[in-house]
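Undergrad: got a sequence here, can you build the structure:
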Amino acid sequence: MERCGWVGDDDLYRAYHDTEWGVPEYDSRALWEKLILDGFQAGLSWITILRKRDAFREAFQGFDPDVIATWGEPEVQRLLANPGIVRHRGKIEATIGNARVWQQIEAEQGFDRYLWDYVGGTPVQNQWTRLDEVPAYTEISTAISKDLRKRGFKFCGPTIVYAFMQAVGMVNDHLTTCPCREQVAQLTR
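TA: Prediction:
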């Protein structure tokens, strides 16, 4: 058995694949962090974000949406000057706005429940045998994206949302040849 083909030889990438990717996440704050990081990935490779993740966490104060929702231009300027993160004004400003949207959804029903309700609370167990079978987006990721954008969330297109769903275990997209596939599936039973 071999890992999913996208992993490559990078030790950090392999560790992420083997221990995090596809593991079901149910914590509202952690889900928000991962969705924000996927938004920062837009136009970049995931390994770039993964290498900067600790700096992101420090710069964004542990990705506490209640803190970030209060930020304004001084914090935007501070982040734009931080070489440890992706310095993109639009993505930084979107993160602040997205924190406010998170607060609304969290108050209404919980961000975790909001997301997991799209898959009935249980990860979708896909059976892909080849990397080229895995879709870039699905009807579900499109529906989530559409609703998030309607609420004011940014950097959350269907492809970003699907990558997020894979990362947080809403779908198990480890290939059937990957040793992690069954381990992740066991976490959902």
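Undergrad: helices or strands up against the longest helix seen in the chain?
TA: Criterion DSSP state H: the longest helix present in the chain is helix 89-108. Judged by 3 or more CB pairs under 8 Å, 6 or more residues apart in numbering; DSSP states H and E, helix 89-108 is in contact with helix 28-41, helix 65-68, helix 73-80, helix 111-116, helix 139-151. C-beta: built from backbone N, CA, C; applies to glycine.
Undergrad: next, the angle from that helix to helix 28-41.
TA: Going by axes from the mean of the first three to the mean of the last three CA atoms, to 10 degrees, helix 89-108 is angled at 160 degrees with respect to helix 28-41.
Undergrad: if we can go back for a sec, what would the helices and strands packed on helix 89-108 look like in CSV with mean neighbour count, mean pLDDT and distance to residue 131?
TA: Converted to CSV, the helices and strands packed on helix 89-108 look like this (neighbours: other CB atoms under 10 Å; pLDDT from 0 to 100; distance: least, CB to CB, whole Å):
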stretch, mean neighbour count, mean pLDDT, distance to residue 131
helix 28-41, 21, 98, 18
helix 65-68, 18, 98, 33
helix 73-80, 14, 98, 35
helix 111-116, 20, 98, 25
helix 139-151, 17, 98, 18
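Undergrad: avg pLDDT for the longest helix of the chain?
TA: Helix 89-108 carries an average pLDDT of 98.
Undergrad: and it, which residues are buried?
TA: Neighbour-count burial for helix 89-108, counted by 16 or more other CB atoms under 10 Å, picks out 91-96, 98-103, 105-106.
Undergrad: just to revisit the earlier point, any chance of the helices and strands packed on helix 89-108 in CSV, with distance to residue 158 too?
TA: Shown next, in CSV, are the helices and strands packed on helix 89-108 (distance: least, CB to CB, whole Å):
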stretch, distance to residue 158
helix 28-41, 12
helix 65-68, 22
helix 73-80, 27
helix 111-116, 14
helix 139-151, 4
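Undergrad: now the residue nearest to residue 18 when sequence neighbours are not counted: how far from residue 62?
TA: In space, and not counting its chain neighbours, residue 18 is closest to residue 180: 5.9 Å by CB to CB, 6 or more residues apart in numbering. Shown here: residue 180 relative to residue 62, a distance of 27 Å by CB to CB, to the nearest Å.
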